[in-house]
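Chemist: No letters, just coordinates:
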């Protein structure tokens, strides 16, 4: 059974050898904000910040070890013992090597990269997979995993009549939905998806409601 080909279902046409041939696939898409702009603040809930335990632990151990070794060597020199070989070698190298030496440039580049990485970790929240939810009570914060939110919306989408398969990509500011419909008009399927998914997004209780983009097409013909 062939669906009627017309502008109402987003069918594309191309001219070839003087004939107008309909493509095997039809598509319809929509992008809009599912909630009014004034309702997007969601109670002012902020993002969750990562504890950064692993980077903080590594840096603390490195700094502690280096500082302890240096203090031990300084105390040994104060007690009339010779300085450790590594400190004498390091002092000689720093005094004799030129600034454009490859080892000096490499060491400085590595130190700068590590410092930049630590600054980024310190100034960014992290935990991008967690979506902050609206605060129902003061002092209580909750978050929803992006993968779990996408699965909830996918379950809603597959319940729409005419939807054969659907893929949901949950971002922080946008929900992208790509569905395949094997019957019904594409515009009707898209409209039902718009309604079901916009309701589903509201019921997730997110602090900042993402926008919604829906794309519907026909399944590819085999052979």
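Modeler: Nice, I can see it. Here the structure is a predicted model, which means the values were calculated and not measured.
Chemist: Point to the residue nearest the middle of this protein.
Modeler: residue 128 (5.7 Å; CA atoms, centre = their mean).
Chemist: Just the pLDDT at it, thanks.
Modeler: Among the per-residue scores, residue 128 holds a pLDDT of 81.
Chemist: With adjacent residues omitted, what lies nearest to it?
Modeler: residue 172 (6.9 Å; CB to CB, 6 or more residues apart in numbering). Every C-beta, even on glycine, is put in place using the N, C-alpha and C of the backbone.
Chemist: neighbours around the one you found, how many?
Modeler: When neighbours are counted by other CB atoms under 10 Å, residue 172 registers 14.
Chemist: Would you mind listing where this protein has pLDDT under the threshold?
Modeler: For the chain, the stretches flagged by pLDDT under 70 are 1-45, 223.
Chemist: what helices or strands is the host helix or strand of residue 190 leaning on?
Modeler: Residue 190 belongs to helix 186-203 when assigned by DSSP states H and E. Here helix 186-203 touches strand 19-32, helix 146-158, strand 174-181, strand 211-217, going by 3 or more CB pairs under 8 Å, 6 or more residues apart in numbering; DSSP states H and E.
Chemist: helices or strands next to the longest helix seen in the chain in the packing?
Modeler: Counting residues, the longest helix found in the chain (DSSP state H) is helix 53-78. Helices and strands touching helix 53-78, by 3+ CB pairs under 8 Å, 6+ apart, are helix 102-123.
Chemist: what's the helix it packs on packed up against?
Modeler: Using 3+ CB pairs under 8 Å, 6+ apart: helix 102-123 touches helix 53-78.
Chemist: relative orientation of the helix it packs on and helix 102-123 in degrees?
Modeler: Interaxial angle of helix 53-78 relative to helix 102-123 (axes from the mean of the first three to the mean of the last three CA atoms, to 10 degrees): 130 degrees.
Chemist: Tell me which helix or strand comes right after helix 53-78.
Modeler: With DSSP H and E setting the assignment, the helix or strand that follows helix 53-78 is helix 85-96.
Chemist: Work out the gap between that following helix and the centre of the chain.
Modeler: For helix 85-96, the separation from the chain centroid amounts to 46 Å (computed by CA atoms, centre = their mean, to the nearest Å).
Chemist: what's the angle from that helix to helix 53-78?
Modeler: Compare the direction of helix 85-96 with that of helix 53-78 by the same axes, to 10 degrees and you get 90 degrees.
Chemist: Identify the residues contacting helix 85-96?
Modeler: Contacts with helix 85-96, where a contact means CB atoms under 8 Å, 6 or more residues apart in numbering, come from 70, 73.
Chemist: Tell me the gap between the longest helix of the chain and the middle of its chain.
Modeler: Centre to centre, stretch against its chain (CA atoms, centre = their mean), the figure for helix 53-78 is 36 Å.
Chemist: go on, stretch 117-137?
Modeler: 11 Å.
Chemist: coming back round to it: quick one: secondary structure of the residue nearest to the centre of the chain?
Modeler: coil (DSSP: H, G, I helix; E, B strand; the rest coil).
Chemist: distance of it from residue 156?
Modeler: To residue 156, residue 128 is 23 Å away according to CB to CB, to the nearest Å.
Chemist: Residue 86 too?
Modeler: Distance from residue 86 to residue 156, counting by CB to CB: 63 Å.
Chemist: do residue 205 as well
Modeler: On the measure of CB to CB, residue 205 and residue 156 end up 15 Å apart.
Chemist: can you check residue 163 too?
Modeler: 10 Å.
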